[in-house]
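J.: Next input, structure requested:
(chains A, B and C)
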Amino acid sequence: MKGLMWFRRDLRICDNPALVAACQECREVVPLFVFDEPLLRSHVFGSACVGFMLGCLDELQRSLGDLGLRLHYRIGEQTEAVLQAVKDWGIDAVYWNRDYEPGARDRDRRVQDRLSQQGRTVKTFKDHVVFEAEEVRGLTGEPFQRYSAYRDRWWNRWRAAAPLMLPAPKRRADGRETQAPQDRPSAQDLSYERVPLWIEPGERAAQARLQWFLRGPIHDYVNGRNLPAIDGTSKLSPHFRFGTLSARTAVHAALATLTAGGPVFRADVFTWLDELVWREFFQQVLTAFPHVAKGPFKAKAGLPAPRLEGPERDRLFAAWCEGRTGYPIVDAGMRQLNQTGWMHNRVRMVTASFLVKDLRLDWQSGERYFMQHLMDGDLAANNGNWQWCASTGTDAMQGYRIFNPRIQSEKFDRDGDYIRHYVPELAKVPVQWIHEPHLTPPDEQEQADCRIGIEYPAPIVDHKAAREEYLALAKQKRTP
DNA sequence: TGAAATGTTGGGGCG
DNA sequence: ACGCCCCAACATTTC
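T.: Presented below is the predicted three-dimensional model:
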């Protein structure tokens, strides 16, 4: 039997269910990756994301080569490209790991239907999550809408039957390794820029980063994860996005640290695991409520409408995108995103809250901008977190969560190290003024080479006034 | 994984 | 010794 292994967001050899099955069941296995031309042309993702993906593919090609398999590339609309490849190569069975985004599910259903009509076998596998949506349900069988209930049930499932990890497939005797690997398209071929990658791509780098994280930072995660100036988080998000690391592997490895001896702090380890469960929660929300991809989880009465469209709106949005709002922690975050394709999670919340609550722009513009600039841009997680910040999501505390950028800054970047790194014009501003540089006395502004309104902007909105306006409008809408 | 306003308590200074 | 005020620290409520 001749099998096709269709790689999508599972760019790894280890613990890959579809790949293992294909290798076990087929005499010959052809691995395929399709560059989704319509999707790439739409520029939903940015150069950092595409560059990361290309790096992952290069390593996948090498490691498949070591197994005696040759990775093939096609460019085009995915459905047609896969069907054409199946026809060209005389494939009997097609293997892939499931994707839960609404668009991907429609596409996969089409591919599956067409292949079935042709009498070919299709086998799909759970891989991107530890538990799929249907596996974590309440007693009524309904999907959870509250994280806390979901988390409790998730851990019950884990204790009852933790999914096992699979070994990497054995080296094959197909003899394909003698063939030269197929050239892949470059970033330029796909009309993306080649940009420096601030997180190393590939399965090997993912494993190394995981091991590094589990030996060190995870044991001070409760505090360390909130400090954007230090390397205190796993930074594994792009790897989970592209499947260079499986969530199963990560959970097993983190739990193993609890029994491995050495300095171990349960609360820290479980706080990190909680983040993985959040990720699964948002996957579940997207699966069970696919409309969230297009709009609010709940059509909320009681939340102020975004500001009207127009030049004023465009000016505020551009200032947010480019990191010149006059709020240092917001600007540092946006510049980190623009420069590196990644933003610290604490700062993601601060910048998102600022867009929605202070500037009162629509959260979906922010969601789109993050997707275009994050190398870990993942529909489910990004959408879920934006809805959380915009108070349109599953969270109970509707509307009242408004971050104060100064307090967040003082609490989590006390010395201003993070701010100074990404907003260099503030480098010489004394720590006393670093969180509110517009209050710096004029002579100290001169000394620090940072004149407000010249080298660094004054705040584009007044937080206190914006907060009060937001709450007043919310109250007005709630009690008409 | 919010922040501000409001309420409560207890210690210290002071007359 | 006592009442009074102030304020910090903490808890609760409200937006």
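J.: And stretch A:193-210, end to end?
T.: 29 Å (C-alpha to C-alpha, to the nearest Å).
J.: Tell me the buried residues in it?
T.: A:195, A:197, A:199-207, A:209-210 (16 or more other C-beta atoms under 10 Å). All C-beta spots, glycine's among them, are computed from the backbone N, C-alpha and C.
J.: Tell me which helix or strand residue A:274 sits in.
T.: Assigned by DSSP states H and E, residue A:274 belongs to helix A:266-288.
J.: Does DNA strand B have contacts with that helix?
T.: Yes: against DNA strand B, helix A:266-288 shows contacts by C-beta under 7 Å from any atom of the strand at A:274-275, A:278.
J.: Around DNA strand B, which positions in the stretch 151-300 of chain A sit nearby?
T.: Residues of the stretch 151-300 of chain A lying near DNA strand B (C-beta under 7 Å from any atom of the strand): A:274-275, A:278.
J.: and the helix holding residue A:274, what does it pack onto?
T.: On a contact count with 3 or more C-beta pairs under 8 Å, 6 or more residues apart in numbering; DSSP states H and E, helix A:266-288 meets helix A:147-160, helix A:221-224, helix A:247-256, helix A:379-390.
J.: To residue A:118, which of these lies closest?
T.: Across those, residue A:118 has its closest neighbour in helix A:379-390 (30.2 Å, C-beta to C-beta).
J.: Save the buried residues of stretch A:193-210 as JSON lines, and put in pLDDT and distance to DNA strand C too.
T.: Supplementary listing: these in JSON lines, determined by pLDDT from 0 to 100; distance: C-beta to the nearest atom of the strand, whole Å:
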{"residue": "A:195", "pLDDT": "97", "distance to DNA strand C": "41"}
{"residue": "A:197", "pLDDT": "98", "distance to DNA strand C": "41"}
{"residue": "A:199", "pLDDT": "98", "distance to DNA strand C": "37"}
{"residue": "A:200", "pLDDT": "98", "distance to DNA strand C": "42"}
{"residue": "A:201", "pLDDT": "98", "distance to DNA strand C": "43"}
{"residue": "A:202", "pLDDT": "98", "distance to DNA strand C": "45"}
{"residue": "A:203", "pLDDT": "98", "distance to DNA strand C": "45"}
{"residue": "A:204", "pLDDT": "98", "distance to DNA strand C": "47"}
{"residue": "A:205", "pLDDT": "98", "distance to DNA strand C": "43"}
{"residue": "A:206", "pLDDT": "98", "distance to DNA strand C": "40"}
{"residue": "A:207", "pLDDT": "98", "distance to DNA strand C": "42"}
{"residue": "A:209", "pLDDT": "98", "distance to DNA strand C": "37"}
{"residue": "A:210", "pLDDT": "98", "distance to DNA strand C": "37"}
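J.: Tell me which of the residues you listed fall in helices.
T.: If you go by DSSP state H, those have A:203-207, A:209-210 in helices.
J.: can you list the weak-confidence ranges in the stretch 351-480 of chain A?
T.: A:397, A:480 (pLDDT under 70).
J.: does the residue in the stretch 251-400 of chain A positioned nearest to DNA strand B sit in a helix or strand, and which one?
T.: DNA strand B sits closest to residue A:400 of the stretch 251-400 of chain A, with a gap of 3.9 Å, by C-beta to the nearest atom of the strand. Counting by DSSP H and E, no helix or strand carries residue A:400.
J.: mind listing what it touches?
T.: When contacts are counted by C-beta atoms under 8 Å, 6 or more residues apart in numbering, residue A:400 touches A:391, A:471.
J.: Stretch A:134-145 near DNA strand B anywhere?
T.: No: under the criterion of C-beta under 7 Å from any atom of the strand, DNA strand B is not reached by stretch A:134-145; the shortest gap measures 13.8 Å.
J.: Now do the buried residues in that stretch.
T.: A:135-137, A:143-145.
J.: Stretch A:86-93 too?
T.: A:86, A:91-93.
J.: Could you work out the end-to-end span of it for me?
T.: Using C-alpha to C-alpha, the two ends of stretch A:86-93 sit 9 Å apart.
J.: Please name the nearest non-neighbouring residue to residue A:28.
T.: residue A:2 (4.7 Å; C-beta to C-beta, 6 or more residues apart in numbering).
J.: quick one on the thing from earlier: please work out which of the helices and strands packed on helix A:266-288 is packed deepest.
T.: helix A:379-390 (a mean of 23; mean count of other C-beta atoms under 10 Å).
J.: The next helix or strand after that helix near DNA strand B at all?
T.: Going down the chain from helix A:379-390, the next helix or strand is helix A:405-412, by DSSP H and E. Yes: for helix A:405-412, a contact with DNA strand B is found by C-beta under 7 Å from any atom of the strand, at A:407-408.
J.: on contacts alone, who are the packing partners of helix A:405-412?
T.: helix A:328-340, helix A:345-353.
J.: What is the burial count for the residue nearest to residue A:28?
T.: 14 (other C-beta atoms under 10 Å).
J.: pretty sure it contacts residue A:91?
T.: Yes: the pair residue A:2 and residue A:91 qualifies as a contact (C-beta atoms under 8 Å) at a distance of 5.5 Å.
J.: what's the overlap in contacts for those two?
T.: residue A:30.
J.: Start and end of stretch A:428-448, how far apart?
T.: End-to-end for stretch A:428-448, by C-alpha to C-alpha: 5 Å.
J.: ok now stretch A:316-336, how far from the chain's centre?
T.: Centroid displacement of stretch A:316-336 relative to its chain, using C-alpha atoms, centre = their mean, to the nearest Å, is 20 Å.
J.: do stretch A:30-39 as well
T.: The offset between the C-alpha centroid of stretch A:30-39 and the centroid of the whole chain comes to 20 Å, using C-alpha atoms, centre = their mean.
J.: Would you mark the buried spots in it?
T.: A:30-37.
J.: Considering those, which is situated nearest to DNA strand B?
T.: Nearest member of the buried residues of stretch A:30-39 to DNA strand B, counting by C-beta to the nearest atom of the strand, is residue A:36, at 30.1 Å.
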